[in-house]
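Student: Show me the folded form of this:
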Amino acid sequence: MSWRYVNSVFLCNSVWQYMDDKRQKPNILRRIFKTRRRLILVLVIIVVAILGARFIVSGRNGEVETARVYKGTVQEELILSGEIRAEEHASLSFLSSGELNFVGVAEGQVAKKGEVLAKLDSTNTQQTFLQAESDLRRYDASLAKTYDDVQGHENDESFNQRETRTIAETNRDKAYRAYVIARKNLTSLSLKAPFDGVVTNITHPFTGINTTLTESQIEIVNPKTIYFAVSADQSEVTDLKIGQKVKVVLDPFSDEEIEGEVIYISFTPKSGEVGTIYEVKVKLSSNINIQKVRIGMSGDAKFILIEKDAVLFVPPNFVKTDAKGRYVNLGKKNNKVYVKTGLEGEKRIEIKGDIKEGDMVYD
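Tutor: Numbering: from 1, shown residues only. All right, here's what the predicted structure looks like:
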C-alpha cells in the first residue's frame, strides 16, 4: 500500500467527520434553545403566581368589616348546658324471680295506663292463692258459727265462750292476712304500664327465660312529659325564676330554637355533685316535634335575664375599648366615637351616644 493511498483515506475520513460535526451542531443548538425557552416560561409562571398570591392576600387584608346600627330588642342571657328528660319515665322490674311466660308488647309500641305488659309463670303462686282463699272461707264460716253459739250472751259470756270466740276471730284474721299476701304475690307477677307511654326497651322479648328481681324488664316513657333539665350553681340559680322565658338549642338541631319556660327550681342541691348545684327544669313548647326529640339529647338553654326593646345595638365585636373608654369607628375606619354601653347579649350590645339608627360602623 502506497503512502499516497493512506493519506487519501485519512483525508476522506477527516472530511466526513467534519461534515457530521457540522450537521450535529445545529441540532444541539436547537435543543439548548428549546430548553432555555421552557425554563424561561416556567420562571415567568412562578413569578406571576407569587405576585398574584401577594395581591390576593393584600386585598383580603385590606378588607374592612362593617355593620349597621339597628334599633330593636337586646337580651342579656345566661347559657347553661343540659339534656332532654321526661317526667314520666320508668324502668319496670318484677318483685320476684321467675320464668317469663308472657310478653304483650314490643319495643316502640304505645301502651295505655294499666295495660299488662309482661307476666311470670304463676303456677305455684296461683295454688298458694287458692289455698289462702279456701282457708279464709273456712275460717269465715267457723267464726260465723261461733257467733251464733254465743249469741245472747253479750252480758253473761263465760270464759269458755270468750275463748272459743277469740280463737275463731284470730284464726279468721290470720287467714285474711294470708289471703291478702297471696293475692299480692299473684298480682306482682304481672308488669303493668304506670302511665300512657311508649315502650322504649325490653330486656327479654321472649318467653321461657328466667329473670331476677334485680333485673329491669321493660322501660317506658311518656313523650308528652319531656322537659329540658339543666344544672345551675349557686351563683347562677339566683338569676332564675319560675315562668322565666328560655330558648333551647339541641345539639342535633343546632339551627332550630325551641321556646320554653322554667317550671321548677330545686330547693336543695343535687347530691353527688362537685360544688353546690341545683336542678332546673324547662318545659318545652307544645309545638315541639316529639317524633324527632329523644331522651338524653344534649343542648344549651338560653335564659333571658333582662330584656330591653327599642334600643340601638351593634354586634359586640364592633365596640372597642381604649384608655378613654368604649368607642365605635363611625362612618369610616379609625373615626372613633365614644359611646356608653348597656345590655350585652351574645350577638347584640346596646349602645348610647352620638349615634343613630342606620349609621355604619367599621371594625
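Student: which residues in the stretch 151-300 of the chain form helices?
Tutor: Ranges of helices in the stretch 151-300 of the chain, per DSSP state H, counting those that start in this stretch, are 159-187.
Student: show me where the stretch 51-200 of the chain has strands.
Tutor: 66-68, 70-86, 89-92, 98-103, 110-111, 116-120, 190-192, 197-202 (DSSP state E, counting those that start in this stretch).
Student: who wins for proximity to residue 345 among the ones you listed?
Tutor: strand 70-86 (5.0 Å; C-beta to C-beta). Using the backbone N, CA and C atoms, a C-beta is placed for each residue, glycine as well.
Student: now that closest one against strand 197-202, angle please.
Tutor: Relative orientation of strand 70-86 versus strand 197-202 (axes from the mean of the first three to the mean of the last three C-alpha atoms, to 10 degrees): 60 degrees.
Student: before we move on, back to that, save the strands of the stretch 51-200 of the chain as TSV, and put in distance to residue 150 and mean neighbour count too.
Tutor: Output for these, formatted as TSV (distance: least, C-beta to C-beta, whole Å; neighbours: other C-beta atoms under 10 Å):
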stretch	distance to residue 150	mean neighbour count
strand 66-68	100	13
strand 70-86	60	17
strand 89-92	50	16
strand 98-103	45	17
strand 110-111	53	18
strand 116-120	45	19
strand 190-192	43	17
strand 197-202	56	18
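Student: would you list these in TSV and tack on distance to residue 158 and mean pLDDT?
Tutor: Shown next, in TSV, are those (distance: least, C-beta to C-beta, whole Å; pLDDT from 0 to 100):
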stretch	distance to residue 158	mean pLDDT
strand 66-68	105	92
strand 70-86	66	92
strand 89-92	56	95
strand 98-103	51	93
strand 110-111	60	95
strand 116-120	51	95
strand 190-192	50	94
strand 197-202	62	95
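Student: Nearest to residue 278, out of those strands?
Tutor: Judging the strands of the stretch 51-200 of the chain by C-beta to C-beta, what sits closest to residue 278 is strand 70-86, at 10.8 Å.
Student: State the distance from residue 135 to residue 175.
Tutor: Distance from residue 135 to residue 175, counting by C-beta to C-beta, to the nearest Å: 5 Å.
Student: okay, those two: which has more neighbours?
Tutor: Of the pair residue 135 and residue 175, residue 175 is the one with more neighbours under other C-beta atoms under 10 Å, namely 21 against 18.
Student: Just give me the neighbour total for the nearest residue to residue 237 once chain neighbours are set aside.
Tutor: Residue nearest to residue 237 in three dimensions, not counting chain neighbours: residue 278, with 4.6 Å by C-beta to C-beta, 6 or more residues apart in numbering. Look at residue 278: counted by other C-beta under 10 Å, it has 20 neighbours.
Student: So residue 278 is in contact with residue 231, correct?
Tutor: Yes. Using C-beta atoms under 8 Å, residue 278 makes contact with residue 231 at a distance of 7.1 Å.
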